[in-house]
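K.L.:
structure, please.
(3 chains)
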Amino acid sequence: MNEELTPGSAEYVAELIARLRATYPDAHCELDYETPVQLLVAVILSAQCTDARVNLTTPALFARYPTVEALAGADPTEMEELVRPTGFYRQKARYIREAAARLLAEYGGELPSEMDALLTLSGVARKSANVVRGEVFGLADGVTVDTHVKRLAMRLGLTTETDPVKVERDLMAIIPRESWIEIAHLLVWHGRRLCFARKPACSVCPLNDICPRVGVVSSQ
DNA sequence: ATCCCGAGGG
DNA sequence: CCCTCTGGAT
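P.N.:
Numbering: from 1, shown residues only, chains lettered A, B, ... in the order given. Sure thing, here's the model as predicted:
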């Protein structure tokens, strides 16, 4: 552990972002989509599911329901079968139909950009709203906190909280606003490629000399 | 706090 | 078998 850098300090955060950016210069959202509404659907499906699996299911789903009207009017059972591989398939199919219906009823079939409006959609809470706002509108009034961001923020000493809302508050306090969108992409990519939940590859990690965890709990 | 729920890895 | 995967609603 490099003693010159205190986790949570501005210098630490700057070094963290610089290293991750150098390691993952192409970090971005890995969900496949063509339209804002398709991204919303993909994000709803991504709950507790890998992006890879979502991307295997969405082509047939989007082909079957090419419009917001089609999504809203889908036969429940048929849609459930199409989204089944992503898990929680009955809930997710219902969220998609209800969200699509609300987009039609309240927003002219378009995706609203306001956080409050997005949060009224079925199956959409802060994590999903942050993803959609960042991807579609380039806006960030928060940091996307998913399972990867939460795990890495804890390991890197950026928070001691476990509640995603509190983790987000801590990250917003120590990360410059202009990096809010990027930091989530970087942490997710790092979590998926090296800083695994179970057996992180610390020996080859570009952060291993500034990570509080390395040398503390070798098995994690 | 609990439920929703499938798929892959160790 | 248990844990994890870009959570959210009740």
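K.L.:
pLDDT at residue A:214, what is it?
P.N.:
With respect to pLDDT, residue A:214 scores 79.
K.L.:
ok, which residues in chain A are in contact with DNA strand C?
P.N.:
A:29-31, A:46-52, A:87-88, A:91, A:95, A:121-129, A:131, A:144, A:146-148, A:151, A:164, A:184-185, A:188, A:191-192, A:196-198 (C-beta under 7 Å from any atom of the strand). From N, CA and C alone the C-beta is placed, and that goes for glycine too.
K.L.:
out of these, which touch DNA strand B?
P.N.:
Within these, those near DNA strand B by C-beta under 7 Å from any atom of the strand are A:48-50, A:87-88, A:91, A:198.
K.L.:
filter those residues down to the buried ones.
P.N.:
A:49, A:88 (16 or more other C-beta atoms under 10 Å).
K.L.:
among the ones next to DNA strand B among the residues of chain A next to DNA strand C, which lie within helices?
P.N.:
Among these, the residues falling in helices (DSSP state H) are residue A:91.
K.L.:
any of the residues of chain A next to DNA strand C buried? List them.
P.N.:
Here, 16+ other C-beta under 10 Å leaves A:29-31, A:46-47, A:49, A:51, A:88, A:95, A:121-124, A:126-129, A:131, A:144, A:146, A:148, A:151, A:164, A:184-185, A:188, A:191 buried among the residues of chain A next to DNA strand C.
K.L.:
chain center to stretch A:170-180, what's the gap?
P.N.:
Relative to the chain's own centre, stretch A:170-180 is displaced by 16 Å; criterion: C-alpha atoms, centre = their mean, to the nearest Å.
K.L.:
next, the buried residues of that stretch.
P.N.:
Quick answer for stretch A:170-180 (16+ other C-beta under 10 Å): A:170-172, A:175, A:179-180.
K.L.:
span of it from start to end?
P.N.:
12 Å (C-alpha to C-alpha, to the nearest Å).
K.L.:
stretch A:16-34 too?
P.N.:
End-to-end for stretch A:16-34, by C-alpha to C-alpha: 32 Å.
K.L.:
show the average pLDDT along it.
P.N.:
So the average pLDDT for stretch A:16-34 ends up being 96.
K.L.:
would you mark the buried spots in it?
P.N.:
Result for stretch A:16-34 [16+ other C-beta under 10 Å]: buried residues A:16-17, A:19-20, A:23-24, A:27, A:29-31, A:33.
K.L.:
mind checking which of the buried ones among the residues of chain A next to DNA strand C are in strands?
P.N.:
Within these, no residue falls in strands by DSSP state E.
K.L.:
by contact count, what packs against the strand or helix carrying residue A:41?
P.N.:
Residue A:41 is part of helix A:36-45, with elements assigned from DSSP states H and E. Counting contacts by 3 or more C-beta pairs under 8 Å, 6 or more residues apart in numbering; DSSP states H and E, helix A:36-45 packs against helix A:51-64, helix A:68-72, helix A:89-107, helix A:126-132.
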